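S.K.: pasting the structure only:
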């Protein structure tokens, strides 16, 4: 009888210990989640700065139609720079295409360079035949694009509002978020929103004329 009581006590102690461990793990997960900032498109510091007039040029799409880039117009523009040999570019095309079809206030321009036969394959695979698809290295050189996939967001007034490397749908969405927030990148906005660290003595009055 005594052995049974002792075993029950030990069992309850073990359960309490396990519960404390679980609570501790949950708290650590919460702290870690709070410290990890959402990832945004990484802006490479090249070309025109955000919130400055976008470079203006006119290119032709694959059907010979003129495409005005960076000019004021009725709609905003998103330039999506891609390559048929870029796997990440291909993985993002369904998301870009969905954005293109869901927003009447935005014109998506696909910008690429290289062999036209390879371009036609990717156009057929992802059903981009009705999209603005430009094959012209001048656009990439004008916007100083060095890595892919890359996206540039230009508002209807012709102001460059956001840009960066986009390796996921989250990165794409961050371009529109930073436009609304008025920041260059999502990371810049989060750094600006970080709470100021309070040091002891910060609230103490300072003497006039002190060094």
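M.R.: Done, it's in. Worth saying up front: this structure is predicted, and the values here are computed from it rather than measured.
S.K.: Quick check: chain neighbours aside, which residue is closest to residue 81?
M.R.: residue 150 (4.3 Å; CB to CB, 6 or more residues apart in numbering). Just so you know, the C-beta spots here come from the backbone N, C-alpha and C atoms, and that holds for glycine as well.
S.K.: And for residue 109?
M.R.: Nearest to residue 109 is residue 132, by CB to CB, 6+ apart, at 4.5 Å.
S.K.: Same question for residue 82.
M.R.: Ranked by CB to CB, 6+ apart and with sequence neighbours excluded, the top spatial neighbour of residue 82 is residue 89, at 3.8 Å.
S.K.: what about that neighbour, how many residues close to it?
M.R.: By other CB atoms under 10 Å, 22 other residues sit near residue 89.
S.K.: any idea which element it lies in?
M.R.: Assigned by DSSP states H and E, residue 89 falls within helix 87-102.
S.K.: Likewise for residue 123?
M.R.: Assigned by DSSP H and E, residue 123 falls in helix 116-125.
S.K.: Which positions within that helix qualify as buried?
M.R.: 119-120, 122-123 (16 or more other CB atoms under 10 Å).
S.K.: got it, and stretch 134-143?
M.R.: Neighbour-count burial for stretch 134-143, counted by 16+ other CB under 10 Å, picks out 134-136, 139-140, 142-143.
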